[in-house]
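[1] Just a sequence and a predicted model for now, questions to come.
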Amino acid sequence: MCSLQELPASFCKLASIQKLWLSQNAFTTLPPEISNLEELQWLWLNDNRLQGLPSEIGMLTKIQKLWLNFNQIQTLPREIACLHQLSWLDLSDNLLTEAPDELSSLKNLTRLDLHSNKIRSLNPKVCAALDKVTRLSLHSNDMEYVPEEIGNMTALTWLSLNSNKLKHLPKSIGNLTKLERLAVHINELQDVPEEIGNLVHVESLSLHKNKDLLFLPRSIGNLHSVKRLSIHECGLCSLPAEIGMLSSLVELWLRCNQLESLPNEISNLRSLQRLWLDHNRLTCVPSGIGSMDMLQELYLDENQLTSVPQELVNCKSLRKLFLTGNPKLITTPEIEELTKRGITRPTFF
């Protein structure tokens, strides 16, 4: 960290330089002479006080990676469209209110970071054009909808839409069949489209903290690769039986919903290691849970349980069982057995 107020003129004479670190300074502008750096490929300008970029930035036609995050940029110059070799563009943590049309000219982009701005909607033209992007971060903006054109970004493997104001997801989300991670938590989702079931390579899906989300589509059962599924702090009243088809699931977060019962098929989750069901309205748990050989942690506290299935003692890997806050729960031989094994304690219930 140098805390330079402006870029020294001598830097702009380094015509052959390929990588330049200028992060963590106090630049508010860049000189037009930056265009002299014709061989530049990687440029770090993050953590400055830039309010914009000079039009001459378009002269850096060999640049491949550009970090502009943590500045105060409100708009981009039209000349940004000339950076045809750009593969990585980080504009996160700025003051952008839109993704301008010019970004659609950056055909070689594979990573685009736009999170933590003030973007209200995603530009359909940009979505339609950037079909090589594999990682797109849009979380922590002010977005109220996602255009159907996002379905054209079929190379995506990582998509973050969390911490916005989304009420729905477009059906075209189902076109993104290469997705491995999808984050849409902390929104205002009212439903999840059936097309979510096309995302057969997703390993992590976060839907939590969407308080108006009451149901899941049956197609959720098609997500055979998902390992971590978080749907806590929503308004779920029930689960589809198809949830038992998630054969790779390791962690399932369902805490703080309105669940009164569970489908018997949940016992088919043979790879599950941690299951959060606390703070619901459950009165019982399927007996088949005893066949979940990989289950290590089971959170059932703050429900309406009157008993736990005797089959729980058959869970070979069970190490933690939380039962506190179930006032009607009766101590049974099974609970006593689990207590002896140090899995749960009488003070928990």
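    Ah, there it is.
[2] Counting neighbours, what do you get for the closest residue to K167 other than its chain neighbours?
    Nearest non-adjacent residue to K167, counting by Cβ to Cβ, 6 or more residues apart in numbering: E188, 5.0 Å away. C-betas here are computed from N, CA, C, even on glycine. By the criterion of other Cβ atoms under 10 Å, E188 has 15 neighbours.
[3] Relative to G342, how far out is E188?
    As judged by Cβ to Cβ, to the nearest Å, E188 and G342 stand 43 Å apart.
[4] Same check on T177?
    Distance from T177 to G342, by Cβ to Cβ: 45 Å.
[5] The two: which is more packed in?
    Legend: neighbour count by other Cβ under 10 Å for T177 and G342, higher for T177 (12 against 9).
[6] so what's the more buried one closest to, chain neighbours aside?
    T177's closest residue in space is N198 (Cβ to Cβ, 6+ apart), at 5.7 Å.
[7] Tell me the confidence at the one you found?
    For N198, the pLDDT comes out at 98.
[8] is it true that it touches H224?
    No. The pair N198 / H224 is not scored as a contact, 11.9 Å apart, by Cβ atoms under 8 Å.
[9] Between those two, point out the one with more neighbours.
    Comparing N198 with H224 by other Cβ under 10 Å, the one with more neighbours is N198, at 19 against 13.
[10] contacting residues around L259?
    Residues in contact with L259 (Cβ atoms under 8 Å, 6 or more residues apart in numbering) are L236, C237, S238, L239, L277, N280, R281, L282.
[11] Which helix or which strand is home to I343?
    For I343, there is no host helix or strand (DSSP states H and E).
[12] Report the two of the contacts of L259 separated the most.
    Maximum pairwise distance among the contacts of L259 (Cβ to Cβ): 14.2 Å, between C237 and L277.
[13] Neighbour count for those two, which is higher?
    Taking neighbours as other Cβ under 10 Å, C237 and L277 compare with L277 leading, 25 against 13.
[14] From T324, how far off is that one?
    Separation of L277 from T324 (Cβ to Cβ): 13 Å.
[15] Also L136?
    42 Å.
[16] try D191
    According to Cβ to Cβ, D191 stands 33 Å off from T324.
[17] Over to I34?
    61 Å.
[18] in the sheet, who's paired with the residue nearest to the spatial centre of the chain?
    The centre of the chain sits closest to A183, judged by Cα atoms, centre = their mean, with a distance of 2.5 Å. On the basis of DSSP bridges, A183 is bridged to S160, S206.
[19] ok, now which ones touch it?
    H139, L159, S160, L161, N162, S204, S206.
[20] Let me have those in JSON lines, extended by distance to N94.
    Shown next, in JSON lines, are these (distance: Cβ to Cβ, whole Å):
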{"residue": "H139", "distance to N94": "14"}
{"residue": "L159", "distance to N94": "20"}
{"residue": "S160", "distance to N94": "16"}
{"residue": "L161", "distance to N94": "18"}
{"residue": "N162", "distance to N94": "18"}
{"residue": "S204", "distance to N94": "27"}
{"residue": "S206", "distance to N94": "24"}
